[in-house]
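*Asks:* Quick one: sequence plus predicted model below, questions after.
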Amino acid sequence: MRKNKPGAVIVMCFMLISVTFPLLSKEIPLLIIDPEKISRYKEDRIVFQRIEKKKNINKDDFIENYTVTKDNSVENLLIIKDSTIHFISDGFDSILDIQNIKTIKDSLNEYTLDNDFWKNKINGKPDYIRILNRRNNLLINSNEEFVTAKFGSFYKSVRDRFIKLHAERFHQLLKNRSESGLTVNKNLISSNESYANNINQKFFFSVKAKASDGTIYYCEDADGDGITETFTATRDDGFDWGINSGPNILCIIGNNDKEIESFIGKLVNDSVIGTTEEEKRALQQFPSEKEVIDLMYKTTPADKTYE
């Protein structure tokens, strides 16, 4: 348990992570949500972000007096309602504490495994709450015990329902693949031959689709294990929390959580091979043998030239 004093103002760490989206053929920078930098607060909105990319921290990552840093796990829920910003985080670290630890370690020439100075990982217990009204602070607290006791149940319920809602919406797009412009990208990751002369291949899969309101959904299975680890939703409506902040509705990158996996784990697989509902509908619509034979004679009439 950290010993941050409740109510103490703590500078939020803003992490910059580059994640490759093959469909877009470029690296998209993803910023950790900063409630102070959101483009507008006068519209009701819900945003969820979970980034779980393994990133080592090198000395070069601490530049310009440690203003830019990297962490390997964080989860954020941003709720804007009636011009009031509610921001809850799991995996929060005080950048000031990290700076001090690194400075002391460097001065003593002490080695830290993988240069990982970040103590707080995602553990299902939110450890940071910040509430602002029209950008004025009403509450700031980074005591995990306090935040979890007051907001833990609320946080998990809202988080799960929000992810599930968008996963269900993505499944609706699968039912109208042509209208949603759904595309699947497949790239070979590895190939090896077994002793039985069987060739084993692993593929990277990514899927992209667009909803009727303009929301773009993207998901991927990056390691070819059949499980979706990345699921994002973004809408080009001008809302963001910093320049090039990336997906502005839902952003799950590199997920390892089994509970979240139960919501998004099959998205890529269902996109590639089809859902159970799609299979059932296809079988129901499959023409009978008689219908095909009738069609055969209809489209291939007898040639009357030699009658």
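*Replies:* Perfect, I can see it now.

*Asks:* Give me the pLDDT for Ile98.
*Replies:* Note for Ile98: predicted pLDDT of 71.

*Asks:* For the longest helix belonging to the chain, which residues meet the burial criterion?
*Replies:* If you go by DSSP state H, the chain has its longest helix at helix 144-175. Within helix 144-175, the residues that count as buried by 16 or more other C-beta atoms under 10 Å are 144, 147-148, 150-152, 155-156, 158-159, 162-163, 166-167, 170-171, 173-174. Every C-beta, even on glycine, is put in place using the N, C-alpha and C of the backbone.

*Asks:* and if you look at stretch 227-236?
*Replies:* Ile227, Thr228, Glu229, Thr230, Phe231, Thr232, Ala233, Thr234.

*Asks:* that older thread, residues of the next helix or strand after the longest helix of the chain that come out buried?
*Replies:* Using DSSP states H and E, the helix or strand that directly follows helix 144-175 along the chain is helix 177-180. Applying a neighbour-count criterion of 16+ other C-beta under 10 Å, one finds Ser180 buried in helix 177-180.

*Asks:* can you list contacts of the helix or strand following helix 177-180?
*Replies:* Scanning forward in sequence from helix 177-180 by DSSP H and E, the next helix or strand is strand 183-193. With contact meaning C-beta atoms under 8 Å, 6 or more residues apart in numbering, strand 183-193 is reached by 22-23, 199-209, 223-224, 271-272.

*Asks:* So among these, which ones count as buried?
*Replies:* Among those, those scoring as buried are Phe204, Phe205, Ser206, Val207, Lys208, Ala209, Gly224, Ser271 (criterion: 16+ other C-beta under 10 Å).

*Asks:* Of these, which one scores lowest on pLDDT?
*Replies:* For the buried ones among the contacts of strand 183-193, the pLDDT minimum is Gly224, 91.

*Asks:* if we can go back for a sec, next, give me the two most distant ones among the buried residues of stretch 227-236.
*Replies:* Using C-beta to C-beta, the two most remote members of the buried residues of stretch 227-236 are Ile227 and Thr234, lying 22.2 Å apart.

*Asks:* Now, the buried ones among the contacts of strand 183-193 that are in helices?
*Replies:* Secondary structure defined by DSSP H assigns Ser271 of these to helices.

*Asks:* could you redo the buried ones among the contacts of strand 183-193 as JSON lines and give each row distance to Ile131?
*Replies:* Listed next are the buried ones among the contacts of strand 183-193 as JSON lines, based on distance: C-beta to C-beta, whole Å:
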{"residue": "Phe204", "distance to Ile131": "41"}
{"residue": "Phe205", "distance to Ile131": "40"}
{"residue": "Ser206", "distance to Ile131": "37"}
{"residue": "Val207", "distance to Ile131": "36"}
{"residue": "Lys208", "distance to Ile131": "35"}
{"residue": "Ala209", "distance to Ile131": "35"}
{"residue": "Gly224", "distance to Ile131": "42"}
{"residue": "Ser271", "distance to Ile131": "38"}
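
*Asks:* burial count for Asp225?
*Replies:* Counted by other C-beta atoms under 10 Å, the residues lying close to Asp225 total 10.
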